[in-house]
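Asker: Curious how this folds, go ahead:
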Amino acid sequence: MFPAGDGAAGADNGGGVNAFSGNAIEGNDGAGGVRAATVGDDTRSCAVGGNDGDRLPRVWTRQLRRAASRRPDGVTPGTAPALHLAVATGLGSLAEASQWMSAPQSRAMAYRRHGNPTVAELEAAIGALEGGAFVTAVGSGMAACLLAVTALVQAGDHVVLPRNAFYETGDQLQHLSRRMGWTLQRVAAGSTRAVVEAITPRTALVLVESPANPSLDTLDLPRLAAACRSHSALLLVDNTVLTAAGQDPMSLGADLTLYSLGKHLNGHGDVMGGLLCTRNPDLHALIEDWRPLAGIGLDPHSAWLALRSLQTLHLRLQQHARTARMIGRMLDRRHPWLHWRGAWCGPHARINGVDASLQGGNIALMFDDAARAACFVEALDGIRVGPTFGISETLVYPYGSLLDGTADDFAANALPPGLVRLAVGLEDPRDLCDELDAALRACRRLTSAG
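Answerer: Model (predicted):
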């Protein structure tokens, strides 16, 4: 299940696995020390960069409306997005076909592998939310990662990836590096300094998650962006956990952002897709050239569902955030023995501009070991186990119980076996607090008796 270790990856630079220590979150501050963001006695200490969640993002509303009013095919839009399923455009004459094919946007729509009006409408909407970015939509988040590396990395290049990146991202990049002739270097989790020190003149791409899934470790994104610029390397930030509402990596200096579309952006558990975003037209052109050749474009029905979902994105994020902060307060008051971390917390939340009122509500619960984590999950009465997040249903995922790996595999991926991802949904916050509280009390009794 986990990617195997690789001698080419090199040693951890600047530390080891990022740890939960008491009710503090530890991470290397890149200056030779450890900076702690206390979750402590009250989760108000985690509400950095945000507010109480009463502010509606009016700019987003305007951006979405403007994007919806400019359909790529020139047709005046209705009150719901149009679904275009045709594989190809049928043209009545050679003259019409010549005229259609001569227009750049129309050329992209002539065959669905090259482009589709519904997909293009989604890309325009996401681009507006990303501050005027160019967007490429593909079939999954893993496909977006594959497309980025294929388009931007060449034989002989060097790529940097922290050890706490999503484990399948590491697996994918290990396989690609061996077959495409470039070097992958894995560095210490949660350490900005480790990433910076790994960048060399040969580095083409630095790929990070901040916050990382599922550990929610963070990195100093402005500092990483500056280091990448000084070496002419590209910085790609997987921003799936927060979305552009909760954090805007490109405004902090990142060259590209990556998203799993099926998480918060769609939010209903019925879409799989991925997005690559950049404000650099040259990078976008490289990516767009590869998408039809790889044949990994997003299907129009998924794009149509995601367009529906974007209309409620800010409302859903607000509810995710409110409920997660309420759960955090409950944990601190009733279960101070349990170490936890929120997506809105961390030593770099303020410098990264994280908006606590619009974060997606992910919480990492840290138990002493996989057995205690499993005890908690088994004690839940209603919250189900599921390998996703950002949807309307609250889900848990106990990694130590469900991933097939040795202790060394978990350590190599900076993934504590006792970690349970709590993906907060849209249910009544009081019901969730009551259920989590009851399960934690039952687990505590059982483990104490044992």
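
Asker: Look up the closest residue to residue 391, ignoring the ones flanking it.
Answerer: Among residues not flanking residue 391 along the chain, residue 269 sits closest, at 4.1 Å (C-beta to C-beta, 6 or more residues apart in numbering). No exception for glycine: its C-beta is placed from N, CA and C like everyone else's.

Asker: same question, residue 335
Answerer: residue 440 (5.2 Å).

Asker: Then residue 91?
Answerer: residue 97 (4.2 Å).

Asker: hang on, that neighbour is in a helix, isn't it?
Answerer: Yes: per DSSP: H, G, I helix; E, B strand; the rest coil, residue 97 lies within a helix segment.

Asker: Check what contacts the helix or strand containing the residue nearest to residue 335 and list those residues.
Answerer: Residue 440 belongs to helix 429-449 when assigned by DSSP states H and E. Outside of helix 429-449, the residues within contact range by C-beta atoms under 8 Å, 6 or more residues apart in numbering are 322-323, 326-327, 330-331, 334-335, 337-338, 372, 375-377, 379-383, 394, 422, 424-425.

Asker: if we can go back for a sec, the residue nearest to residue 391: what secondary structure?
Answerer: coil.

Asker: Flag the shaky bits of the stretch 101-250 of the chain, pLDDT-wise.
Answerer: Confidence mapping of the stretch 101-250 of the chain against pLDDT under 70 gives the ranges 103-108.

Asker: re earlier: take the contacts of helix 429-449 and keep only those in strands.
Answerer: residue 422 (DSSP state E).

Asker: Can you select the buried ones from the contacts of helix 429-449 in PyMOL?
Answerer: In PyMOL syntax, the buried subset of those is picked out as below (16 or more other C-beta atoms under 10 Å):
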select buried, resi 322+323+326+327+330+331+335+338+372+375+376+377+379+380+383+394+422+424+425
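
Asker: contacting residues for residue 209?
Answerer: Contacts of residue 209 (C-beta under 8 Å, 6+ apart): 162, 164, 165, 166, 169, 237, 238, 240, 241.

Asker: domains of the protein?
Answerer: 25-54+313-449, 58-310 (automatic domain parsing).

Asker: show me where the stretch 201-350 of the chain has helices.
Answerer: For the stretch 201-350 of the chain, helices defined by DSSP state H, counting those that start in this stretch occupy the ranges 221-230, 243-246, 281-294, 300-310, 313-334.

Asker: Give me the angle between the biggest strand by length in the chain and helix 221-230.
Answerer: Determined from DSSP E, the single longest strand within the chain is strand 203-209. Interaxial angle, strand 203-209 versus helix 221-230 (axes from the mean of the first three to the mean of the last three C-alpha atoms, to 10 degrees): 170 degrees.

Asker: Parallel or antiparallel, list what pairs with strand 203-209.
Answerer: Using DSSP bridges, strand 203-209 pairs in its sheet with strand 158-162 (parallel), strand 234-238 (parallel).

Asker: And these: which comes nearest residue 399?
Answerer: strand 158-162 (17.0 Å; C-beta to C-beta).

Asker: neighbouring contacts of that closest one?
Answerer: 149, 153, 169-170, 173, 177, 182-191, 194-195, 198-200, 202-209, 212, 217, 219, 414.

Asker: Quick check: residue 368 touching residue 417?
Answerer: No: in terms of C-beta atoms under 8 Å, residue 368 does not count as a neighbour of residue 417; the distance is 9.6 Å.

Asker: more neighbours, those two?
Answerer: residue 417 (21 against 14; other C-beta atoms under 10 Å).

Asker: Dihedrals phi and psi, the most centrally placed residue in the chain?
Answerer: The residue lying closest to the centre of the chain (C-alpha atoms, centre = their mean) is residue 240, at 1.8 Å. Note on residue 240: backbone dihedrals following degrees, to the nearest 10 are phi -60, psi -40.

Asker: how near is it to residue 256?
Answerer: To residue 256, residue 240 is 13 Å away according to C-beta to C-beta, to the nearest Å.

Asker: any idea of the pLDDT on residue 299?
Answerer: Residue 299 carries a pLDDT value of 96.

Asker: before we move on, what about residue 7?
Answerer: So, for residue 7, pLDDT stands at 36.

Asker: Check whether the residue nearest to residue 391 really touches residue 395, as I assumed.
Answerer: No: counting by C-beta under 8 Å, residue 269 sits too far from residue 395 to count as a contact (9.3 Å).

Asker: shared neighbours, the two?
Answerer: Joint contacts of residue 269 and residue 395 (C-beta under 8 Å, 6+ apart) are residue 388.

Asker: Of these two, which one has the most company?
Answerer: residue 395 (19 against 16).

Asker: Can you give me the distance of the closest residue to the more buried one other than its chain neighbours to residue 316?
Answerer: Excluding its sequence neighbours, the residue lying closest to residue 395 (C-beta to C-beta, 6+ apart) is residue 386, at 3.7 Å. For residue 386, the distance to residue 316 equals 17 Å [C-beta to C-beta].

Asker: sorry, back to before: buried stuff in the helix holding residue 440?
Answerer: Buried residues in helix 429-449 (16+ other C-beta under 10 Å): 429, 432, 433, 435, 436, 437, 439, 440, 442, 443, 444.
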